[in-house]
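A.B. asks: give the three-dimensional model of this entry:
(chains A and B)
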Amino acid sequence: MNPRRVRRRVVNGVMTGLVGVLSFLAVLSLILILGNLVVKGASSLDWNFFTKNPVPAGESGGGVANAIVGTSIIVGLACLIGLPIGIGAGLYLAEFGSGRLGWTVRFVADVLNGTPSIVVGIFAWTWLVKPMGHFSALAGAVALAILMVPMLARTTEEMVRLVPHSLREAALALGYPRWRTSLRIVARTALAGIVTGSLVGIARIAGETAPLLFTALGNLNFSTHVLEPMQALSLQIYQYATGPFDEWHRLAWAAAIVLMGLVLLLSVAARWAIRQRHGAAR
Amino acid sequence: MTALPIEPVATAAQEPRWRLLRGVNVGDRVYQGVLTVLAVTLPLLLLALVGELLVSAWPAIRRFGPHFLWSSVWDPVAGVFGAAPMIFGTLASSLIALVIAVPLALGVSIFLTEFAPKWVRQPIAFLVELLAAIPSVVYGLWGIFVLIPFLRSTVVPPLRAVLGWTPFFDGVFYGNSLLAGGVILAIMIVPYIAAVSREVLLAVPGSQREAALGMGATRWEAVWTAVVPYGRAGLIGAIILGLGRALGETMAVTMLIGNRHDIGLSVLQPAYTMAAAIANEFSEATTNLYLSALFEVGLLLFVITVVVNALARLLIWQVARGTAVGSRAL
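C.D. replies: Modelled structure (predicted):
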């Protein structure tokens, strides 16, 4: 064989191998991170961890019950605020979004999507914490909702647009008004996609820390009052990981497992929801 | 179209249906009105965000002017603020992240679209996307207790042995450093770049590959001479999108970069980023000017990320015109 051809074949083989190795490395980093979480945190996941509140620094025992409840409340509130706005805006974009306003909203959603979460955090601080005079879980929820809305609007729009036109026409031909067609036929057909988008959005905000630093602030005690500072798992991990005590580090790993488990559960559920509709299309 | 002679029969039962046909349904109006209000909240939100940032940053903007950008003095006690070290640290850590992440992410996307057997594509794509689901603070935790010890024991000694004479690897490595921040950022942005560039490569028409293969190219040559050039603008867009992520990333970097107001060439030394400065100092800002300076940093960060993201989207749209490539993953 002529040497040029050999060289080309060798290059082909080497590069094929290289991209394979690079892919392996990317997957390896995931495995390393998840593996370390399990190894360093799993042993701390006991009954106390889930049911007790933090104890003063230096003492052992104690758990993160307040943070688990806090994360649930803050994320729940954020959903109450963010889901209707995000899904509504998405429906608007898909149904009426061909004009100038539609273009503007789409552009703004993309801009907001790329906004660093810390910037949203200080915005929520000036908007809610400063006028109210104190930190609150509500301000944290609003910050998270702001992060969630643009993404939700874009995914909802995309999913609604996938609904075939014939379906809409059939409903209209049967005498359905437009709004009922939109809600009962189009939105329902796209429901799996909208649910997926919502779950992905929730997964994304559940782990956010930066927007909560100056809004929900964190709280060493158990609190369910939404107008007062509240602890969240992500805040707890940050405080414990950067603190000086081994006991704190141990709890940080365990809290990270819980947070990671929550996020993974939501991500997998999102995949599952879309499979219900589109088969294994993706 | 000429008007058809529709003659409505004005009985009570049929009247509503006739109104339906003429499109004067009250429900439709209400529906469109409600959705419009919800949609308009987004532009209003953006206006409010920019407005609040501007108003809060105004004292610092007036006091320091453009000097804020290149002064490296950050002295809360004297009330003198310059953001140069943070701007430098933000750019430097993102650059390190890109240097590491781009080959990895492009490798993943090329492997997944061009070489991988069908049955591994879905699982690998899923696993890489999971990297994007890991919360930033968990990356930070992992970075402090796993990555930094690993860098200290395994990566830095050989690096210093070979490149220690350059200014980039000068000084003692304590752990928290530009290098640690850059590496963690790299891992964090790989899934974003990989997901978007994969969609870009999938949008390249099959005829491009077939033409190259038909002319006798090997598979790699087909990828490198036909597919990649075709999608070049989109791939660059994907990389810039990753850059946008890296610039604004907060928690993991704050936990790893060392948080020191310094401009140094050595990647082994601590540095600072704009996002990290806000995260660290916002609650300590005791004077109005201090707070205002931090808001100006936030405003700068916002403007930079908006410009970077807009550029990325323009590039991606060039390849995948009309499709929503990238909007889902990001």
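
A.B. asks: only C-alpha atoms from now on, for both contacts and neighbour counts.
C.D. replies: Will do.

A.B. asks: residues touching A:L199, list them.
C.D. replies: A:266-267, A:269-270 (CA atoms under 8 Å, 6 or more residues apart in numbering or on different chains).

A.B. asks: check those one by one and keep those near chain B.
C.D. replies: Counting by CA under 8 Å from any CA of the partner chain, A:S267 from the contacts of A:L199 sit close to chain B.

A.B. asks: in a markdown table, list the contacts of A:L199 along with pLDDT, secondary structure and distance to B:S109.
C.D. replies: Shown next, in a markdown table, are the contacts of A:L199 (pLDDT from 0 to 100; DSSP: H, G, I helix; E, B strand; the rest coil; distance: CA to CA, whole Å):
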| residue | pLDDT | secondary structure | distance to B:S109 |
| --- | --- | --- | --- |
| A:L266 | 93 | helix | 25 |
| A:S267 | 89 | helix | 21 |
| A:A269 | 90 | helix | 24 |
| A:A270 | 88 | helix | 22 |
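
A.B. asks: switch the contacts of A:L199 over to a markdown table; also include neighbour count.
C.D. replies: Shown next, in a markdown table, are the contacts of A:L199 (neighbours: other CA atoms under 10 Å in any protein chain shown):
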| residue | neighbour count |
| --- | --- |
| A:L266 | 22 |
| A:S267 | 23 |
| A:A269 | 16 |
| A:A270 | 22 |
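
A.B. asks: which one of the contacts of A:L199 is nearest to A:L25?
C.D. replies: Closest approach to A:L25 among the contacts of A:L199 (CA to CA): A:S267, at 21.9 Å.

A.B. asks: pretty sure the closest one is touching A:G201, no?
C.D. replies: No - using CA atoms under 8 Å, A:S267 is not in contact with A:G201, being 9.4 Å away.

A.B. asks: pull up the distance across stretch A:209-225, start to finish.
C.D. replies: 20 Å (CA to CA, to the nearest Å).

A.B. asks: what about the residue nearest the centre of chain A, which SS state?
C.D. replies: By CA atoms, centre = their mean, chain A has its centre lying nearest to A:R204, at 1.3 Å. The three-state label given to A:R204 by DSSP: H, G, I helix; E, B strand; the rest coil is helix.

A.B. asks: over to A:G243?
C.D. replies: coil.

A.B. asks: where's the closest residue to it other than its chain neighbours, which helix or strand?
C.D. replies: Among residues not flanking A:G243 along the chain, A:H249 sits closest, at 7.6 Å (CA to CA, 6 or more residues apart in numbering or on different chains). When elements are assigned from DSSP states H and E, A:H249 belongs to helix A:246-278.

A.B. asks: flag every buried residue along that helix.
C.D. replies: Buried residues in helix A:246-278, defined by neighbour count with 16 or more other CA atoms under 10 Å in any protein chain shown: A:247-260, A:263-264, A:266-267, A:269-271, A:273-275.

A.B. asks: give me the element A:V160 is part of.
C.D. replies: helix A:137-161.

A.B. asks: which parts of the stretch 101-250 of chain A are helices?
C.D. replies: Using DSSP state H, counting those that start in this stretch, the helices of the stretch 101-250 of chain A run over A:117-124, A:130-132, A:137-161, A:165-173, A:178-180, A:188-189, A:191-206, A:233-241, A:246-278.

A.B. asks: so is the shortest one next to chain B?
C.D. replies: No - when contact is scored as CA under 8 Å from any CA, no part of helix A:188-189 falls within range of chain B; the minimum is 15.8 Å.

A.B. asks: correct me, but B:A312 touches B:L243?
C.D. replies: No - at 9.3 Å, B:A312 does not count as touching B:L243 under the criterion of CA under 8 Å.

A.B. asks: so which of the two has more stuff around it?
C.D. replies: B:L243 (27 against 24; other CA atoms under 10 Å in any protein chain shown).

A.B. asks: centre of the chain to whichever strand or helix holds the more buried one, how far?
C.D. replies: Taking DSSP H and E as the criterion, B:L243 maps to helix B:232-248. Chain-centre distance of helix B:232-248: 7 Å, with CA atoms, centre = their mean, to the nearest Å.

A.B. asks: which strands and helices lie in contact with it?
C.D. replies: Judged by 3 or more CA pairs under 8 Å, 6 or more residues apart in numbering or on different chains; DSSP states H and E, helix B:232-248 is in contact with helix B:84-110, helix B:178-203, helix B:288-319.

A.B. asks: what mean pLDDT does the longest helix anywhere in chain A get?
C.D. replies: Ranked by residue count and defined by DSSP state H, the top helix of chain A is helix A:3-41. Helix A:3-41 shows a mean pLDDT of 94.

A.B. asks: do the same with stretch B:212-225
C.D. replies: Averaging pLDDT along stretch B:212-225 gives 93.

A.B. asks: how much space separates whichever residue of the stretch 151-300 of chain B sits closest to chain A from A:A256?
C.D. replies: Using CA to the nearest CA, B:G248 is the residue of the stretch 151-300 of chain B that sits closest to chain A, at 4.6 Å. B:G248 sits 22 Å away from A:A256, going by CA to CA.

A.B. asks: surely A:T181 and A:A171 touch.
C.D. replies: Yes - under the criterion of CA under 8 Å, A:T181 makes contact with A:A171 at 6.1 Å.

A.B. asks: hang on, B:R121 is in a helix, isn't it?
C.D. replies: Yes - assigned with three-state DSSP, B:R121 falls within a helix.

A.B. asks: what count of nearby residues applies to it?
C.D. replies: B:R121 has 16 nearby residues by other CA under 10 Å.

A.B. asks: same question, A:I68
C.D. replies: With other CA under 10 Å as criterion, A:I68 counts 20.

A.B. asks: hmm, the stretch of helix or strand it belongs to touching chain B?
C.D. replies: Assigned by DSSP H and E, A:I68 belongs to helix A:65-96. Yes - contact of helix A:65-96 with chain B (CA under 8 Å from any CA) involves A:85-86, A:88-93, A:96.

A.B. asks: quick one: residues contacting A:L34.
C.D. replies: With CA under 8 Å, 6+ apart, A:L34 has no contacts at all.

A.B. asks: actually B:V306, not the one I typed
C.D. replies: With CA under 8 Å, 6+ apart, B:V306 has these contacts: A:111, A:114-115.

A.B. asks: quick one: pLDDT of it?
C.D. replies: 93.

A.B. asks: same check, this time on the one 4 residues further on
C.D. replies: pLDDT for B:A310: 88.

A.B. asks: same deal with B:A324?
C.D. replies: 45.

A.B. asks: which other residues reach stretch A:96-103?
C.D. replies: So stretch A:96-103 is contacted by A:92-93, B:32 (CA under 8 Å, 6+ apart).

A.B. asks: tell me the least confident of those residues?
C.D. replies: B:Q32 (92).

A.B. asks: sec struct for that one, please.
C.D. replies: Applying three-state DSSP: B:Q32 is helix.

A.B. asks: list the contacts of it.
C.D. replies: A:92, A:96, A:179.

A.B. asks: what's the neighbour count on A:V75?
C.D. replies: Using other CA under 10 Å: A:V75 sits among 25 other residues.

A.B. asks: now do B:G298
C.D. replies: 26.

A.B. asks: show me where pLDDT drops low in chain A?
C.D. replies: A:1, A:276-282 (pLDDT under 70).
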